[in-house]
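Engineer: Predicted coordinates and the sequence they were generated for:
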Amino acid sequence: MMAKAPVSKSRSLLRSVEERALSKRMEERQVPYLPKDCFSNILVRLPIESLPSARLVCKPWYKLMNSSIFIDAHLQRSEAVLIFLTPMVKRDAYLYPFSSSSVSQEKPNTFSVEVNLLRLESGPLFHQQVIDPRRKFYIQFMEIKDGKTKTGEFDISCLGRIKASCNGLILLENKLKKGRLVVLNPVTRKLTELPLGTLSQPHGESYGFALSDSTSEYKVIHLFDDELRHINCEILNVGTRTWRPVNGPDFGLISWFGYKPVSAMGALHWVPHINDSDYIVSLQLETEKFHTIHLPKSYRIHDGIIEMGGSLCFVSHCEEMLQIDVWRLKGLSGEGWTKQHSITTGCILDMVPLFGMRKTEELVFKREEDGSLYSYDFQLEVMTKIEMETPLSGCYMPHVNSLVSWCPKDLSEDGDY
């Protein structure tokens with residue numbers, strides 16, 4: 001009888017293990033199997049701030065979210081925002097530099113553009129420059145949802161101004177080296193320093209940043225005046241990192257660089273004069289040739305050109321009828337414009353068009369008088385004042401948060417996830 005006890009104990013232990021295995025199999029059967037496409041459709045709907053942490057959950061998610069297919073799909077679903085700079089130190093610090101309120105340090109876990117540029121050079125710590133925080137800015141963005149604004153944080157600091165934005169990438173001044181530029185994705189925090197181009201005065205130059213659909217390359221376009229007031233042009237392909245000269249626009253076509261160029265329909269478009277412009281100057285990204293496109297009416301100081309729904313639109317004020325007309329360009333080869341909308345409600349003469357929303361049929365305006373924002377819904381035909389935390393001031397531009405990289409080889413290979 002004593003010899004049978006170990007055998008009985010072993011059988012009991014084996015039965016317990018089998019019961020646990022059966023229970024586990026039953027639990028697994030109750031959890032529905034999700035195909036890979038379902039995971040992709042779920043993850044692509046995540047807000048941009050959740051993606052960096054989500055792709056660290058497991059290797060399949062990391063590979064999926066690094067693929068160009070996923071990144072492009074998420075970009076298409078992303079809404080437009082306004083990107084801008086906020087001084088790190090309050091204005092009164094300049095008046096009272098030795099007061100306790102003027103002493104400022106960066107927020108914890110802040111990504112400093114300049115510090116990371118110095119790290120790329122692998123310079124010794126004692127050679128690194130000491131940067132006065134009063135010269136630094138935080139990069140922030142403002143999203144508009146349900147008639148209200150909300151300010152978002154990238155937790156990134158920089159010295160330079162934002163020159164342009166394209167598909168989530170920004171072109172930033174490199175204040176550590178005169179005339180240099182940086183391409184940065186504020187979401188992924190990836191950055192690259194661009195080589196030096198032609199030095200020119202800030203008021204006598206303009207930068208554009210756009211994606212060439214034919215080559216899938218990001219291009220930086222630099223227009224600048226020479227001593228004889230001729231406008232020259234040089235273009236850099238971000239992937240090859242080489243500036244090359246191209247023929248600029250004809251003499252006299254552009255007299256002012258105050259308006260930033262707009263990227264739409266495979267071209268960059270400049271408004272050439274501060275007021276009373278009868279045409280715009282366009283550079284086709286594929287041919288890299290300039291030409292003019294005549295406007296349906298003269299451009300006045302509160303008008304604007306914007307990208308909306310993939311098309312270039314001209315938004316003009318009709319003061320006599322107190323309305324705002326929206327014209328759409330039919331093509332780049334002289335097809336002309338067609339009037340798509342006439343806004344007749346809630347129009348104010350100093351409303352400047354900022355951008356069109358990507359997911360809804362709305363056009364956002366800014367009032368010059370007080371920096372307030374308004375949104376016009378084309379479906380409801382209603383103009384609404386947007387509730388704001390603070391009025392707009394300083395430099396800001398349309399932007400879209402994304403995971404996009406300037407270099408396709410940075411991405412993992414596409415295919416099965």
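Structural biologist: Ah, there it is.
Engineer: Ser16 belongs to a helix?
Structural biologist: Yes - per DSSP: H, G, I helix; E, B strand; the rest coil, Ser16 lies within a helix segment.
Engineer: dump the residue contacts of it.
Structural biologist: Contact criterion Cβ atoms under 8 Å, 6 or more residues apart in numbering gives no residues in contact with Ser16. Where you see a C-beta, it was placed from the backbone N, CA and C, and this is true even at glycine.
Engineer: Relative to Ser342, how far out is it?
Structural biologist: Noted for Ser16: a distance of 78 Å to Ser342, by Cβ to Cβ, to the nearest Å.
Engineer: Ok, Leu380 next?
Structural biologist: Look at Leu380 and Ser342: by Cβ to Cβ, they are 15 Å apart.
Engineer: how about the nearest residue to His74, chain neighbours excluded?
Structural biologist: Val44 (5.2 Å; Cβ to Cβ, 6 or more residues apart in numbering).
Engineer: Surely the one you found touches Ile69?
Structural biologist: No - applying Cβ atoms under 8 Å as the test, Val44 and Ile69 come out as separate, 9.7 Å apart.
Engineer: Between those two, which is the more surrounded one?
Structural biologist: Val44 (19 against 14; other Cβ atoms under 10 Å).
Engineer: Give me the below-cutoff pLDDT ranges for this protein.
Structural biologist: For the chain, the stretches with pLDDT under 70 are 1-11, 13-14, 17-19, 21-36, 90-106, 122-132, 408-417.
Engineer: ranges for the helices of it?
Structural biologist: Secondary structure of the chain, counting by DSSP state H: helices at 4-30, 36-43, 51-54, 59-65, 68-77, 92-95, 113-120.
Engineer: tell me which residues in the second one are buried?
Structural biologist: Neighbour counts over helix 36-43 (16 or more other Cβ atoms under 10 Å) mark 40, 43 as buried.
Engineer: Could you check the angle it makes with helix 68-77?
Structural biologist: 40 degrees (axes from the mean of the first three to the mean of the last three Cα atoms, to 10 degrees).
Engineer: Packing partners of helix 36-43?
Structural biologist: Using 3 or more Cβ pairs under 8 Å, 6 or more residues apart in numbering; DSSP states H and E, the elements in contact with helix 36-43 are helix 59-65, helix 68-77.
Engineer: what would those helices look like in JSON lines with distance to Thr242?
Structural biologist: Listed next are these as JSON lines, based on distance: least, Cβ to Cβ, whole Å:
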{"stretch": "helix 59-65", "distance to Thr242": "31"}
{"stretch": "helix 68-77", "distance to Thr242": "24"}
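Engineer: which residues touch the residue nearest to His74?
Structural biologist: 70, 73-74, 77.
Engineer: Among those, which one is most surrounded by other residues?
Structural biologist: Phe70 (23 neighbours).
Engineer: Can you give me the distance of that one to Leu171?
Structural biologist: Distance from Phe70 to Leu171, by Cβ to Cβ: 25 Å.
Engineer: One more: Met357?
Structural biologist: For Met357, the distance to Leu171 - Cβ to Cβ - is 23 Å.
Engineer: and those two? which has more neighbours close in?
Structural biologist: Leu171 (22 against 17).
Engineer: Would you agree that one is in contact with Ser206?
Structural biologist: No - using Cβ under 8 Å as the test, Leu171 is too far from Ser206 to be in contact (11.6 Å).
Engineer: check contacts around the nearest residue to Glu369 once chain neighbours are set aside.
Structural biologist: The shortest distance from Glu369 to any residue other than its chain neighbours is 5.4 Å, reached at Asp350 (Cβ to Cβ, 6+ apart). Asp350 sits next to 302, 367-369 when contact means Cβ under 8 Å, 6+ apart.
Engineer: swap in His222?
Structural biologist: Counted by Cβ under 8 Å, 6+ apart, His222 has contacts 197-198, 205-207, 233-236, 243.
Engineer: For Leu253, see how far away it is.
Structural biologist: Counting by Cβ to Cβ - His222 and Leu253 are separated by 17 Å.
Engineer: now do Pro353
Structural biologist: 23 Å.
Engineer: Give me the more crowded residue out of those two.
Structural biologist: Pro353 (23 against 17).
Engineer: Bridged to the more buried one, which residues?
Structural biologist: Phe365 (DSSP bridges).
Engineer: I figured it hits Phe365, correct?
Structural biologist: Yes - under the criterion of Cβ under 8 Å, Pro353 makes contact with Phe365 at 5.7 Å.
Engineer: Roughly how far does the residue nearest to Gln323 when sequence neighbours are not counted sit from Glu381?
Structural biologist: Spatially, and ignoring its direct neighbours in sequence, Gln323 is nearest to Thr344 (4.7 Å; Cβ to Cβ, 6+ apart). With the distance defined as Cβ to Cβ, Thr344 ends up 8 Å from Glu381.
Engineer: what is Ile144 paired to in the beta sheet?
Structural biologist: Here Ile144, judged by DSSP bridges, has bridge partners Thr149.
Engineer: need the contact list for it.
Structural biologist: 81, 150, 357, 364, 373, 375, 386.
Engineer: Most neighbours of all these, which one?
Structural biologist: Val81 (25 neighbours).
Engineer: residue contacts, that residue?
Structural biologist: Here Val81 is in contact with 141-144, 152, 398-401 (Cβ under 8 Å, 6+ apart).
Engineer: let's see it at 6 Å
Structural biologist: For Val81, the contact set (Cβ atoms under 6 Å, 6 or more residues apart in numbering) comprises 141, 143, 399.
Engineer: Show residues contacting stretch 355-362.
Structural biologist: Residues outside stretch 355-362 that contact it (Cβ under 6 Å, 6+ apart) are 79-80, 306, 308, 363-364, 375, 377-379, 398.
Engineer: Oh, that last question was meant for stretch 322-330, not what I typed.
Structural biologist: Here stretch 322-330 has contacts from 296, 311-317, 336-344, 347, using Cβ under 6 Å, 6+ apart.
Engineer: May I see the buried residues of it?
Structural biologist: Buried residues in stretch 322-330 (16+ other Cβ under 10 Å): 324-327, 329.
Engineer: Would you mind checking which of those residues is nearest to Ser53?
Structural biologist: Distance to Ser53 across the buried residues of stretch 322-330 (Cβ to Cβ) is lowest for Val326, with 40.0 Å.
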